[in-house]
Structure formats: C-alpha cells, structure tokens
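Prediction below, plus the sequence it came from.
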Amino acid sequence: MKSPTVELKLPILPNMELIATQTADIIANHMHLSEEQSGEISMALIEACINAFEHSKTENSIYIHFIVEENSMIIKVIDQGIGFDKSKVEIPKIENKIGNDERKRGWGLQLIQALMDSVEFESTNAGTTITMIKNK
C-alpha cells in the first residue's frame, strides 16, 4: 500500500505556518507519536516555513508534503525561490547575540537538525526542498 500523503499549499501570509503545525499535530496523533515528538515536529516545521517565507524570495506559495510511513513521518517543505548554499550559512556566535540588539535569529537550520531524526537540504536556483524525518 502506498504511504498516505497530505499536501498543503500555503500562501506567504502571516501565521500560515500554523496551518502546517496543526496538520502535523493531527498526523502525529494518528501515528501515536508522543507529545514531545509532536512539539519537536511543530518547532522544526515553523523554522522551515519561516525560512522559506523570509529567504526564498518566492512570490508564490510554499508547499508542504507530509508522508506517513509505518515508523516515521516525512515532511518536505518546498519553495520555488532563489535557493541557497548551505555551506555558506554561518552559525551565529552566541557572544555576539547576548547583551546587544542584534537580531536573536539565525539558528533555524541548526534547530531543525537538532529536533528531527534526519534532515536533508536540496537547493538550486529553482528552489529549495527541506526533507525532515521524525521516527516513531
């Protein structure tokens, strides 16, 4: 049997990532994942969506595919933006963030990798796909 898939198309509007997290919660519940696992998925998904909204420069929507397998949830966040070179993404220095007004952002990719069991980035000038897996 083919793995059930849920596909979302989200316009780039404020708080649209919350539709993705609600969908993830329903799927996690269906899969009997723990509340902690569901929370980790939601946090990673919010980061991935916000990155796509803010950095892809796409004028269109982003797409999210949830693929339900027996022992894992696979989530693909897809944009049709400008792409990026992951090797050129700098990890912020914590000492530069503490005690000043510099944006307290920039840890999204590291956070996604810490929260999920597997993360892959595929990026070209035609867009980026982040594939995140959470195992049961």
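Happy to help now that I have it.

quick one: low-confidence parts of this protein?
Filtered on pLDDT under 70, the chain yields the residue ranges 86, 88-106.

50 instead, please
97, 104 (pLDDT under 50).

And the helices in it?
According to DSSP state H, the chain carries its helices in the segments 17-30, 35-55, 94-97, 108-115.

With respect to G81, which of those lies nearest?
Closest to G81 of the helices of the chain is helix 35-55 (Cβ to Cβ; 7.1 Å). In this view, the C-beta of every residue, glycine as well, is placed from N, C-alpha and C.

Show me what that closest one is packed against.
Applying 3 or more Cβ pairs under 8 Å, 6 or more residues apart in numbering; DSSP states H and E, one finds that helix 35-55 makes contact with helix 17-30, strand 62-68, strand 72-79, helix 108-115, strand 127-135.

one step back: could I get the helices of the chain as JSON lines with distance to Q80 and mean neighbour count?
Below are the helices of the chain laid out as JSON lines (distance: least, Cβ to Cβ, whole Å; neighbours: other Cβ atoms under 10 Å):
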{"stretch": "helix 17-30", "distance to Q80": "17", "mean neighbour count": "17"}
{"stretch": "helix 35-55", "distance to Q80": "10", "mean neighbour count": "19"}
{"stretch": "helix 94-97", "distance to Q80": "32", "mean neighbour count": "10"}
{"stretch": "helix 108-115", "distance to Q80": "19", "mean neighbour count": "16"}
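
Before I go, just wanted to say thanks for your time.
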